[in-house]
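A.B. asks: Provide a 3D model corresponding to the input given below.
(4 chains)
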There are 2 protein chains.
Amino acid sequence: MADIAAHIDIPCQRCKVRNRAICAALEDDQLVDLNAISEHITLERERTVFFESDPADYLFNIIDGHVRIHKSLADGRRQITGFLYSGDFLGLSVAGMYPYGAETITPTTFCRFSRKGLTKIIEKYPAFEHNLLQLASHELAAAQEHVLLLGRKTAVERLSSFILNVTAKQHGGLDNGTAILPMTRQDIADYLGLTIETVSRTFTRLKKGGAIRLPEPDLVEIASLDQLEDFALGESTI
Amino acid sequence: MADIAAHIDIPCQRCKVRNRAICAALEDDQLVDLNAISEHITLERERTVFFESDPADYLFNIIDGHVRIHKSLADGRRQITGFLYSGDFLGLSVAGMYPYGAETITPTTFCRFSRKGLTKIIEKYPAFEHNLLQLASHELAAAQEHVLLLGRKTAVERLSSFILNVTAKQHGGLDNGTAILPMTRQDIADYLGLTIETVSRTFTRLKKGGAIRLPEPDLVEIASLDQLEDFALGESTI
DNA sequence: ACGCCAACTTGACCTAGGTCAATGAGCGGA
DNA sequence: TCCGCTCATTGACCTAGGTCAAGTTGGCGT
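C.D. replies: Model (predicted):
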C-alpha cells in the first residue's frame, strides 16, 4: 500500500500548504486517502463560503487568500471573530452546523474535504483527530485572548494588539516589519468591537505617536516594536 | 478483561457526573483504566486551581461546585472567560501550558487526571479524543458567542444573555425558572466586560422592566421569558 | 483627462457606561 | 446583640468612544 503510494503522483504532496495545514498530520504515503476526498475550489473576493447555521458538510483548508469569519445579530450588528490566512483551517461544527459564517476578503483557493470522508480518515488515522484537537485548543485560546481584548482593552490597546498579531501571522511568528492589511477598516472595526471612525483615528494616533508608519491605508510598518508592544499591553498611553 | 471489570468495584461507575462528564466517552468496563489515573480533590471557596501559564500537568472534571476561568492584564484588569459547573471539564492546554487561570467560586470537588495518564487512555480508546474534540468545538463556539456579546451588545443585552445562559445551564437546556448566581457582581462584571456598578444598575433596570425578579442578590427568577429573550437579542429596549 | 465611487480621514458633538463617593443590607464572630 | 466585615445598590458627574456630517484620496472606466 505504502509502496504503491510512493510511486504514484499524489497532488497533495506538492501542495503549497502541505506542511502547515491539517494534512501535516499524515505521512506522505497516507495522503492518498486524503487526496481522494478533497478538491480545490476558488472563490472571488467578497463571496460567502458558508452561512452561520448552514449544515456543516465540508471542512476547508485555505491554500491561498484571506477569509473572515463572523457572527451577527438580527439588526445587522456584526462581530468578526477571526481573520484566516493561507494554511488555516475552518469548518469545525457544533451539532452539525457551522457556528459562524465565513466570507472571502480576497480571491481565495480552498482545499475542501467532505465531513463524511474526513470521518473515515479519522477512523483510519487517529493522528488526524489528535491534530484537530490541538488545532481546536489553539483556536480556543485565541478566542479567549479575543475575549480579553474586547472586554478589557482600550481602543489603542486593541489596535496595537491587532497589528502585532497580523504582523506575527504574516511573518510566521516574527513580531516586526511590515504587514499587509487585506481587510477594510470596517472589517477591522467589526473585529475589534469599535467603529470605523475610531479605528481610523486610532491609526492616526499610533502614527503620530511614532509606533507605526502607514505608507498606504492597507500597509502598516512597525516603527517602534517596543512602543507598540507597550501600547498592546496597556503599559503606556498616547 | 471486560468480565473481570464487570465484577470489581470501579468508583467511577458510581460517580455523580458519570454520564455528563468526559468519562461518558468510555463504556463501564473501560472505566478501570480511567479510574487508575484519576483522583478526587476538594478545594475551599476562592482558591486557585491553577494559574495562567502553569505547566498543564492535569485535566479536571468538576464533580460539584463552581469555578471561574480568567485572563488578566499586567495592571490587574481581569476578564473572566467562563463559569464552570458540575460536569464541566477544564484543563485543555496550548504548548503545554494552561492558557487561562482557574479559581473556585464555592467549595469544589474535582476529578483530576494526569495529562500523561490521559495520553495513554487516548491511545487505547480513540473515542476519548473524539469526545475531547467535540467538547473543544463546543467551547470554541461558546467563546465566539462571548466575543459577539462583548464586541457588539449593550449592557442590557449582555446581562439578559447571561441570565438566560446561566438558567439554561442549571436546568439542562430549559430556558426558564429560577437560577442561583454563585458568583459576585464583580465576577459578573468581569465576565460581561462591564463594571460592578453597571451590572447592579442593569439588574435594577431588568427588574423594573418586569423581565426578572431578584428576591435575593444571588437568586434570579425569570418573570417574563419573552421579554428577557427580546432584551438578549436586542429586539427591545428598556 | 475626467468623473465616479468606494474607502478612508477628520471634525463637532453626544451618550452609554465608567468613576467616585455615599449608603444600605446581611452575616459571622466576640 | 452589637460590631465590623464584605457585598450590593444608588446618585452625581465624567470620558472614551459613538454618531453625524463633511472632506479627501485613489483607482477605474470611458
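
A.B. asks: and the spatially most central residue of chain A, how far is that from chain B?
C.D. replies: Residue closest to the average C-alpha location in chain A (CA atoms, centre = their mean): A:L84, at 1.9 Å. A:L84 sits 13 Å away from chain B, going by CB to the nearest CB, to the nearest Å. Heads up, the C-betas are built off the backbone N, CA and C, glycines and all.

A.B. asks: and if you look at A:I212?
C.D. replies: For A:I212 relative to chain B (CB to the nearest CB), the value is 21 Å.

A.B. asks: list the contacts for that residue?
C.D. replies: Taking CB atoms under 8 Å, 6 or more residues apart in numbering or on different chains as the criterion, A:I212 is in contact with A:163, A:203, A:206, A:220-223, A:228.

A.B. asks: Quickly list what A:T178 is bridged to.
C.D. replies: Per DSSP bridges, the residues bridged to A:T178 are A:E221.

A.B. asks: my guess is it meets A:L219, correct?
C.D. replies: Yes: if you go by CB atoms under 8 Å, A:T178 and A:L219 touch, sitting 6.6 Å apart.

A.B. asks: what does chain A put close to DNA strand C?
C.D. replies: Within reach of DNA strand C by CB under 7 Å from any atom of the strand, chain A has these residues: A:184-186, A:196-197, A:199-201, A:203-204, A:214, A:217-218.

A.B. asks: Check the spacing between the residue of chain A found nearest DNA strand D and A:K153 real quick.
C.D. replies: Evaluated by CB to the nearest atom of the strand, chain A has A:T198 as its residue closest to DNA strand D, separated by 3.1 Å. Going from A:T198 to A:K153 by CB to CB, to the nearest Å gives 13 Å.

A.B. asks: before we move on, what about A:D190?
C.D. replies: Relative to A:K153, A:D190 is positioned 16 Å away (CB to CB).

A.B. asks: now swap in A:R45 and tell me
C.D. replies: For A:R45, the distance to A:K153 - CB to CB - is 30 Å.

A.B. asks: So chain A: which segments form each domain?
C.D. replies: A:2-148, A:154-233 (automatic domain parsing).

A.B. asks: between whichever helix in chain A runs longest and helix B:126-152, how big is the angle?
C.D. replies: If you go by DSSP state H, chain A has its longest helix at helix A:126-152. Counting by axes from the mean of the first three to the mean of the last three CA atoms, to 10 degrees, helix A:126-152 lies at 20 degrees to helix B:126-152.

A.B. asks: pLDDT averaged over the first helix or strand past helix A:126-152 going along the chain, what's the number?
C.D. replies: Scanning forward in sequence from helix A:126-152 by DSSP states H and E, the next helix or strand is helix A:155-170. On average, the pLDDT along helix A:155-170 is 96.

A.B. asks: follow-up on the earlier one: would you mind confirming that the residue nearest to the centre of chain A makes contact with A:I63?
C.D. replies: No: counting by CB under 8 Å, A:L84 does not reach A:I63; the two are 11.6 Å apart.

A.B. asks: Which residues are in contact with the residue nearest to A:N131 when sequence neighbours are not counted?
C.D. replies: In space, and not counting its chain neighbours, A:N131 is closest to A:A25: 3.8 Å by CB to CB, 6 or more residues apart in numbering or on different chains. Residues near A:A25 by CB under 8 Å, 6+ apart: A:125, A:127-128, A:130-131.

A.B. asks: and with 10 Å instead?
C.D. replies: A:34, A:121-122, A:125-132, A:134-135 (CB atoms under 10 Å, 6 or more residues apart in numbering or on different chains).

A.B. asks: repeat for A:I10
C.D. replies: A:28-36.

A.B. asks: hmm, try it at 8 Å
C.D. replies: By CB under 8 Å, 6+ apart, the neighbours of A:I10 are A:28, A:31-32, A:35.

A.B. asks: re the thing from before, the residue of chain A closest to DNA strand D is in what secondary structure piece?
C.D. replies: Going by DSSP H and E, A:T198 is part of helix A:196-208.

A.B. asks: who does that helix touch, helix- and strand-wise?
C.D. replies: The contact analysis (3 or more CB pairs under 8 Å, 6 or more residues apart in numbering or on different chains; DSSP states H and E) places helix A:196-208 against helix A:155-170, helix A:185-192, strand A:212-216.

A.B. asks: Quick one, which of these gets closest to A:S53.
C.D. replies: Minimum separation from A:S53 across the helices and strands packed on helix A:196-208 (CB to CB) falls at helix A:185-192, 19.1 Å.
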